[in-house]
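J.: sequence? don't have it. structure:
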């Protein structure tokens with residue numbers, strides 16, 4: 001028997017593949033690339049939410065599989081976690097041209113799919129990667145009053161109520177930060193240690 005969560009996730013994928021109302025749909029068809037739905041355990045305690053797929057991700061249909069993905073794997077290893085135990089996704093499921101920041105209308109189109117993924121997986125922790133993911137999740141869980149710049153928020157823990165019970169929101173820097181500034185990796189590793197208590 002198929003796990004109901006897997007079935008619900010498959011439905012999300014099917015809907016996104018034909019999502020013509022997305023401003024990024026034509027771009028995906030033109031470039032013959034894939035949407036990136038997410039990857040990992042559908043029973044994960046920890047869910048990572050990034051912003052949008054990059055070039056490698058769109059070409060493979062897998063989240064965080066380029067340089068940022070290698071750093072994410074390293075950060076997970078530093079907290080003694082394996083990628084198969086967590087769930088990794090983005091708010092926006094298609095790649096914005098030239099890896100630009102996602103636009104508000106794109107976040108508005110794809111956000112409800114992320115909301116459904118959260119309800120399906122029911123994570124204890126949502127770790128946001130980058131400022132767009134942080135802003136979206138903090139607003140979704142009525143924590144807008146806590147919102148500051150990511151340099152002030154990273155590595156902190158916030159408690160919120162989800163449809164299925166209590167959830168912790170932990171804003172983190174995007175792993176790409178360490179791609180461009182190797183010195184920041186130690187700080188990212190330090191932030192990731194907070195996730196150990198939820199393993």
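T.: It's in. Everything numeric here is computed off the predicted structure, so don't read it as measured data.
J.: just how off-centre is the lengthiest strand in the chain within its chain?
T.: Longest strand in the chain, counting residues (DSSP state E): strand 165-172. Centroid separation for strand 165-172 versus its chain: 13 Å, with Cα atoms, centre = their mean, to the nearest Å.
J.: in it, what counts as buried?
T.: Judged by neighbour count using 16 or more other Cβ atoms under 10 Å, the buried positions of strand 165-172 are 167-172. In short, each C-beta sits where N, CA and C put it, glycine included.
J.: so which two of the residues you listed are the farthest from each other?
T.: Within those, two members stand farthest from each other by Cβ to Cβ: 167 and 172, at 15.4 Å.
J.: from the buried residues of strand 165-172, which single one is nearest residue 141?
T.: residue 169 (6.1 Å).
J.: and residue 111, that's in a helix?
T.: Yes: assigned with DSSP: H, G, I helix; E, B strand; the rest coil, residue 111 falls within a helix.
J.: didn't it look like it was pressed against residue 90?
T.: No: Residue 111 is beyond contact range of residue 90, at 10.9 Å (criterion: Cβ atoms under 8 Å).
J.: Which pLDDT value goes with residue 3?
T.: In this model, residue 3 is scored at 76, pLDDT.
J.: Excluding chain neighbours, what is closest to it?
T.: Excluding the flanking residues, the one nearest residue 3 by Cβ to Cβ, 6 or more residues apart in numbering is residue 42, at 6.6 Å.
J.: Since that was my last question, I'll sign off now.
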